[in-house]
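A.B. asks: Got a predicted structure plus its sequence, pasted below:
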Amino acid sequence: MANSRGKDFRVGDANPCIRIRPATEADVSAINSIYNYYVANSTCTYQTEAETDAARLEWLKNHGTQYPVTIAEDGGQVVGWASVSMFRPREAYRPTVENAVYVRHDLLGRGIGKMLMIDLIERTRKAGFHSIMAVISAEQEASVRLHERLGFEKVAHLRQVGRKFDSWLDVVYMQLML
Ligand SMILES: CC(C)(COP(=O)(O)OP(=O)(O)OC[C@H]1O[C@@H](n2cnc3c(N)ncnc32)[C@H](O)[C@@H]1OP(=O)(O)O)[C@@H](O)C(=O)NCCC(=O)NCCS
């Protein structure tokens, strides 16, 4: 059900009402609090040191109005976020973006990631981009599955390009043409 301030989605008893909206500077520490859990505990990000709020604020400002950054909110609490960013800095890559999506670690498997991504894809399409690349650590089954479900196709598999928690990590590239 839509309201005037954003989109409401009903996803069952555990998440009675999630709203997706653009991120603001006031969301920076909530974004980092969700993200830094994964920095410390997961191979889904190859970052190994916690993101600072100053760096996240700079990141958000650099996205400006061109690259969507969104928040999933449940009863005023931030429960997830998603973004698209420049894929690579050279000018000719400009039609392509790379996405990120992070759900609070204690709220996984309730449809929040899918809601964020459906909304993000629509915003990215409206912004005029040509395709979205998802760069995913190959063993991250939830992420691979989520992107597959939304029409992303695997276009590359890079072997042992990362190392975290004393393990070699493969990366898959998945792409959605818009
Ligand atoms: C990947 C992530 C965003 C998915 O969000 P979520 O809210 O837990 O997922 P959803 O409940 O929306 O499920 C989306 C799809 O993924 C599947 N899925 C979810 N968790 C899964 C798991 N652990 N294993 C396999 N598939 C899984 C669901 O079954 C669903 O597919 P379906 O429609 O066929 O049932 C979430 O797990 C997350 O934040 N992970 C850490 C960060 C990350 O890996 N981000 C992606 C890279 S940027």
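C.D. replies: Alright, I've got the coordinates.

A.B. asks: On the three-state scheme, residue 51 is what?
C.D. replies: Three-state secondary structure (criterion: DSSP: H, G, I helix; E, B strand; the rest coil) places residue 51 in coil.

A.B. asks: Quick check, it in contact with residue 39.
C.D. replies: Yes: counting by CB atoms under 8 Å, residue 51 touches residue 39, with 6.8 Å between them. Just so you know, the C-beta spots here come from the backbone N, C-alpha and C atoms, and that holds for glycine as well.

A.B. asks: And the closest residue to the ligand within the chain, what's its pLDDT?
C.D. replies: Across the chain, no residue is closer to the ligand than residue 113, which sits at 2.1 Å (CB to the nearest ligand atom). Looking at residue 113, its pLDDT reads 97.

A.B. asks: Quick one: residues contacting it.
C.D. replies: By CB atoms under 8 Å, 6 or more residues apart in numbering, residue 113 lies in contact with 80, 101, 103, 142, 146.

A.B. asks: Contact partners for the spatially most central residue of the chain?
C.D. replies: By CA atoms, centre = their mean, the mean C-alpha position of the chain lies nearest to residue 101, the distance being 1.7 Å. Residues touching residue 101, when contacts are defined by CB under 8 Å, 6+ apart, comprise 80-83, 113, 116-117, 120, 143, 146.

A.B. asks: now these as CSV including secondary structure?
C.D. replies: As requested, the contacts of residue 101 are arranged in CSV below (three-state DSSP):
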residue, secondary structure
80, strand
81, strand
82, strand
83, strand
113, helix
116, helix
117, helix
120, helix
143, helix
146, helix
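
A.B. asks: burial count for the nearest residue to residue 150 once chain neighbours are set aside?
C.D. replies: In space, not counting the residues next to it along the chain, residue 150 is nearest to residue 117; the distance is 5.4 Å by CB to CB, 6 or more residues apart in numbering. For residue 117, the number of neighbouring residues by other CB atoms under 10 Å comes to 22.
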